[in-house]
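[1] pasted the sequence and its predicted model underneath.
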Amino acid sequence: MDAWLSDYGVTLGVGALILFMIFIVWDLARRSNAGKFGTLILYIGLAMGIVGFLMKLVITYLLESAGVGG
């Protein structure tokens, strides 16, 4: 149970937080009258964090399938 929670719980939890952050950025852009360009910049900043998280998952998978550190 602990292994499942460590492996999938964190991934699902961070995924849920990412969805919540998308809503937060949308609300922030709307309330601050950021305009289209400002909203785009906010979402680019959020996307950079999401890409970093996805890269971590891919790199971890590749290292584990190669037998490194597992």
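    Yes, it's here.
[2] which of the three states applies to Leu12?
    Following DSSP: H, G, I helix; E, B strand; the rest coil, we place Leu12 in the helix state.
[3] helices and strands around the longest helix anywhere in the chain, which ones?
    Secondary structure of the chain per DSSP state H: the longest helix is helix 35-66. Helices and strands touching helix 35-66, by 3 or more C-beta pairs under 8 Å, 6 or more residues apart in numbering; DSSP states H and E, are helix 10-31. C-beta here means a position set from N, CA and C on the backbone, and glycine is covered the same way.
[4] in the helix it packs on, what's buried?
    Val25, Ala29 (16 or more other C-beta atoms under 10 Å).
[5] so how far is that helix from its chain's centroid?
    How far helix 10-31 lies from its chain's middle: 9 Å, per C-alpha atoms, centre = their mean, to the nearest Å.
[6] and the contacts of it?
    For helix 10-31, the surrounding residues in contact (C-beta atoms under 8 Å, 6 or more residues apart in numbering) are Ala34, Gly38, Thr39, Leu42, Tyr43, Leu46, Ile50, Phe53, Leu57.
[7] and the gap between the last one and Tyr8?
    Put plainly, it is Leu57. Leu57 sits at a distance of 11 Å from Tyr8 (criterion: C-beta to C-beta, to the nearest Å).
[8] where does pLDDT dip in the chain?
    For the chain, the stretches flagged by pLDDT under 70 are 1, 69-70.
[9] for Arg31, see how far away the residue most central in space within it is.
    Closest residue to the average C-alpha location of the chain: Ile50 at 3.3 Å, with C-alpha atoms, centre = their mean. For Ile50, the distance to Arg31 equals 22 Å [C-beta to C-beta].
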